[in-house]
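Engineer: only geometry, no sequence info:
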DNA sequence: TTGAAAGCGCTAACAA
DNA sequence: TTGTTAGCGCTTTCAA
């Protein structure tokens, strides 16, 4: 009694009940305008009566059209990705696409495995986070001809690989630079970077490179780096701060890889009685909700996550729908959505006003 | 040139290249032990050479076995659900099941729509959050015979509907009660509840009912309820607190619907110079990471989310795998995983020690 | 406008 | 052990 195998209600059942051919039932359901009013009514009613639910897999198989739309994110623990997902959810499902979520945990190997798995679901397109993929991933994707959108990083830039296909994001190296160019005029001289997975995640790497490059150009020390291999959390933020202060006591400002780490560090400063931003400046990355509620409120880098999600959806829809006349004047991909430094209270006010960097 | 329609590599291609029948290729790939070493080698090599990726939809269609496993959560903004998802991800994908995520936004109608959509993907089972569903959802699910796991609430309890099938969670009304039974001995007399979606989400409703019932039994006021219709956030937590203090200035303790709201309220207390827990006690629900890092650290209710995810996966695997001899001594569903009050600094120490409630 | 036949890619069942 | 046939549920194509 492992579940009596319930006979699935098929379109043939619906057709039979309505007294029409299977094909007519199919048309009544999918292209109503091709069927006479009367038959359409009968079919719709039968379908309803039988609780008919069309089998997408069979439909896709027959029509050659895939409706699965895999989205690969590194993690769901950062609200950034949750919000991107929401941006995508806003339009894609109602266009008939089924979002499938995969989490790569910042690993190229996991990404590769997930891409393989998802390719088996006849994806109509695929959304990838980042622009750094394994060779096999690239080969698989190229060979399949499936549209790809890479998000959250900017491909084809001076220091990044070319885009696989569509791309929308911002430059992480420029974020690193911008932070230095923001903090230096505030009078900070020993500016540190602190992050997790700093070797694993190519986006962190580029952020650090931009950061260090800018420091070098200003003649400031660029060796103040705090690293952790643990996934990021408030606790790790505390540890990162402690480690940094121990190793480099001269540190007077820290740029964290995300707001969560920065918040943890801020809590640690409170515990230690360190005054922020007088003794130490703290800067985050992402501008998550907590940033503005912390005390003092966190200076951070805002990235347009929701917009990334929505734009990715638009790009995809335009690419897939291919409605040839509605041809929307789509911006040329890669699209740089830029970022913005949000000045709050964990850094001293700069001499110059904050500006938008793209 | 809307994407040259790349010829998909099928198992027939693989078979042809290997010089075997399609069926042999299929067996070499899926039941290797049924094929001679030599042919298996040839097939595997051909598959690799052609970058063959099996079409799950076609496979499922032919074999009658579905591999999609939809998971419906109310939101991804609470880390609780992210962690449950992780618990599920730990085992299900490697057993070949494809998790499909849907977010209901606490709406029964959205849930119904999602269930309908997902039923079209030949799900092998389906995971639902909560035990309150629309009539049509129940009918659809029942008719399909698909195994269902309801999580995060306890069905078949005195005040809850019977389970659809498998169930694993805890009693929200007992949480409400337990909180009162915890706070009262600490000397609090005007204990308020504050939450969002308090009318929409049946779990909130039951929590409030348990809460009010316990207050009544103790002869304490039970009308101190703060509500908001916005989705929960730190900002709403602040507002909720402000509203409560304005409407019921006598309030001396507040039980929030989640830790995020409680954190927001705590920030608001800081801003107002209110001393916690001396002037006001704050209690959260969920024990998210931030709870222990706040200052003062948040007293809250811990729920075993990761365990819920893992147990749900186990239950499902046992139900689906049906390996008849390995018949694991599965606990009888519904499974009550209980909860636990975590005493920290936002409430005064009670006369009696905290206890586990199930 | 409606219907019949064929087949999408794969595997269960049977035959060799 | 291997191959052949049929068919999963649906839609495309073509004919009526």
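Structural biologist: Structure's in. What do you need? This structure is a prediction, so every number in the text was calculated from the model and none was measured. Residues are numbered from 1 along each chain as shown, chains lettered A, B, ... in the order given.

Engineer: going by C-alpha atoms from here, please, whenever you check contacts or count neighbours.
Structural biologist: Fine.

Engineer: next up, the contacts around residue A:257.
Structural biologist: Listed by C-alpha atoms under 8 Å, 6 or more residues apart in numbering or on different chains, the contact set of residue A:257 reads A:193-196, A:204, A:284-285.

Engineer: could you redo the last one with a cut-off of 7 Å?
Structural biologist: Applying C-alpha atoms under 7 Å, 6 or more residues apart in numbering or on different chains to residue A:257 gives the contacts A:194-195, A:284-285.

Engineer: quick one: which of the residues you listed has the most company?
Structural biologist: residue A:284 (28 neighbours; other C-alpha atoms under 10 Å in any protein chain shown).

Engineer: pretty sure residue A:254 contacts residue A:190?
Structural biologist: No: using C-alpha atoms under 7 Å, residue A:254 makes no contact with residue A:190, being 8.5 Å away.

Engineer: of those two, give the one with the bigger neighbour count.
Structural biologist: A count of neighbours by other C-alpha under 10 Å puts residue A:254 above the other of residue A:254 and residue A:190, at 26 against 20.

Engineer: now do the SS call for the more buried one.
Structural biologist: Look at residue A:254: counting by DSSP: H, G, I helix; E, B strand; the rest coil, its state is strand.

Engineer: still on that earlier bit, for the contacts of residue A:257, give me CSV that also has pLDDT and distance to DNA strand C.
Structural biologist: Putting these into CSV (pLDDT from 0 to 100; distance: C-alpha to the nearest atom of the strand, whole Å) gives the following:
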residue, pLDDT, distance to DNA strand C
A:194, 98, 46
A:195, 97, 43
A:284, 98, 47
A:285, 97, 44
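
Engineer: and of those residues, the nearest to chain B?
Structural biologist: The shortest approach to chain B among those belongs to residue A:284, at 16.5 Å (C-alpha to the nearest C-alpha).

Engineer: who touches the closest one in this structure?
Structural biologist: Taking C-alpha under 7 Å, 6+ apart, one finds A:255-259, A:262, A:298-301 in contact with residue A:284.

Engineer: make CSV out of the residues you listed and add pLDDT.
Structural biologist: Compiled in CSV, these are given as follows (pLDDT from 0 to 100):
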residue, pLDDT
A:255, 98
A:256, 98
A:257, 97
A:258, 97
A:259, 97
A:262, 98
A:298, 98
A:299, 98
A:300, 98
A:301, 98
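
Engineer: could you chop chain A up by domain?
Structural biologist: A:11-49, A:65-170+A:306-326, A:172-302+A:339-357 (automatic domain parsing).

Engineer: between the ones you listed, which one is closest to residue B:113.
Structural biologist: In terms of C-alpha to C-alpha, the element of those nearest to residue B:113 is domain A:65-170+A:306-326, at 11.0 Å.

Engineer: so for that closest one, mean pLDDT?
Structural biologist: In this model, domain A:65-170+A:306-326 has a mean pLDDT of 93.

Engineer: right, and residue A:149 touches residue A:165 too?
Structural biologist: Yes: Residue A:149 is in contact with residue A:165 according to C-alpha under 7 Å; the separation is 6.3 Å.

Engineer: between those two, which one's more packed in?
Structural biologist: Between residue A:149 and residue A:165, counted using other C-alpha under 10 Å, residue A:149 has the larger neighbour count: 25 against 16.

Engineer: return the distance of residue A:333 relative to residue A:131.
Structural biologist: 13 Å (C-alpha to C-alpha, to the nearest Å).

Engineer: with neighbour numbers in mind, choose between these two.
Structural biologist: A count of neighbours by other C-alpha under 10 Å puts residue A:131 above the other of residue A:333 and residue A:131, at 22 against 16.

Engineer: what separation is there between the more buried one and DNA strand D?
Structural biologist: 34 Å (C-alpha to the nearest atom of the strand, to the nearest Å).

Engineer: what about residue A:249, how many neighbours?
Structural biologist: By the measure other C-alpha under 10 Å, the count of residues near residue A:249 is 11.

Engineer: oops, could you answer that again for residue A:49 instead?
Structural biologist: 11.

Engineer: torsion angles phi and psi at it?
Structural biologist: phi -60, psi -40 (degrees, to the nearest 10).

Engineer: and residue A:36, how many residues sit next to it?
Structural biologist: 11.

Engineer: from chain B, how far out is it?
Structural biologist: The gap separating residue A:36 from chain B is 26 Å, by C-alpha to the nearest C-alpha, to the nearest Å.

Engineer: residue contacts, the closest residue in space to residue A:125 that isn't next to it in sequence?
Structural biologist: Take residue A:125 and drop its neighbours on the chain: the residue closest to it by C-alpha to C-alpha, 6 or more residues apart in numbering or on different chains is residue A:147, 4.7 Å away. Counting by C-alpha under 7 Å, 6+ apart, residue A:147 touches A:125-126, A:165.

Engineer: how about the residues of the stretch 51-200 of chain A near DNA strand D?
Structural biologist: A:53-56, A:58-63 (C-alpha under 7 Å from any atom of the strand).

Engineer: assign a three-state SS to residue A:203, would you?
Structural biologist: Per three-state DSSP, residue A:203 ends up helix.

Engineer: what's the local residue count around it?
Structural biologist: There are 22 residues near residue A:203, going by other C-alpha under 10 Å.

Engineer: how about it, what does it touch?
Structural biologist: residue A:172.

Engineer: 10 Å instead?
Structural biologist: Counting by C-alpha atoms under 10 Å, 6 or more residues apart in numbering or on different chains, residue A:203 touches A:130-132, A:152-154, A:160, A:171-173, A:209, A:257.
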